[in-house]
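In: Got a predicted model here, sequence first, then my questions.
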Amino acid sequence: MGEVKRFRITCSYRIGIFKTRFSKEVRALKLEDALEKLYSEVGSHHRVKRRNIRVERVDVDGDG
């Protein structure tokens, strides 16, 4: 198995005229898994569609 990494993902989403920026730390094996978890959590909590979430930056820290 691979090494678990910590991804710090900076994103924004727009609801109406308001744009919200946020940063979230996610632990995952791959970037694709981290983005899937981010989309799932933000979408369910804030009721935002995946296509409305814009990933602006991803930082990787390997020590999980």
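Out: Nice, thanks for sending it over.
In: going forward, measure contacts between C-alpha atoms and count neighbours the same way
Out: OK.
In: show me what contacts the residue nearest to residue 3 when sequence neighbours are not counted?
Out: If you skip the residues right next to it in sequence, residue 3 has residue 29 as its closest partner in space, 6.2 Å away by Cα to Cα, 6 or more residues apart in numbering. Going by Cα atoms under 8 Å, 6 or more residues apart in numbering, residue 29 touches 2, 3, 4, 5.
In: And the closest residue to the first one other than its chain neighbours, how close does it get to residue 37?
Out: With sequence-adjacent residues excluded and distances taken as Cα to Cα, 6+ apart, residue 2 is closest to residue 29, at 6.4 Å. From residue 29 across to residue 37, the span is 11 Å (Cα to Cα, to the nearest Å).
In: Reduced to three states, what does the residue most central in space within the chain come out as?
Out: In the chain, the residue lying closest to the centroid (Cα atoms, centre = their mean) is residue 38, at 3.6 Å. Using DSSP: H, G, I helix; E, B strand; the rest coil, the secondary structure recorded for residue 38 is helix.
In: Spell out the secondary structure type for the residue lying closest to residue 59 once chain neighbours are set aside.
Out: Take residue 59 and drop its neighbours on the chain: the residue closest to it by Cα to Cα, 6+ apart is residue 8, 5.1 Å away. Secondary structure, three-state DSSP: residue 8 is strand.
In: now residue 8, which residues is it bridged with?
Out: Beta-bridge partners for residue 8, by DSSP bridges, are residue 25, residue 59.
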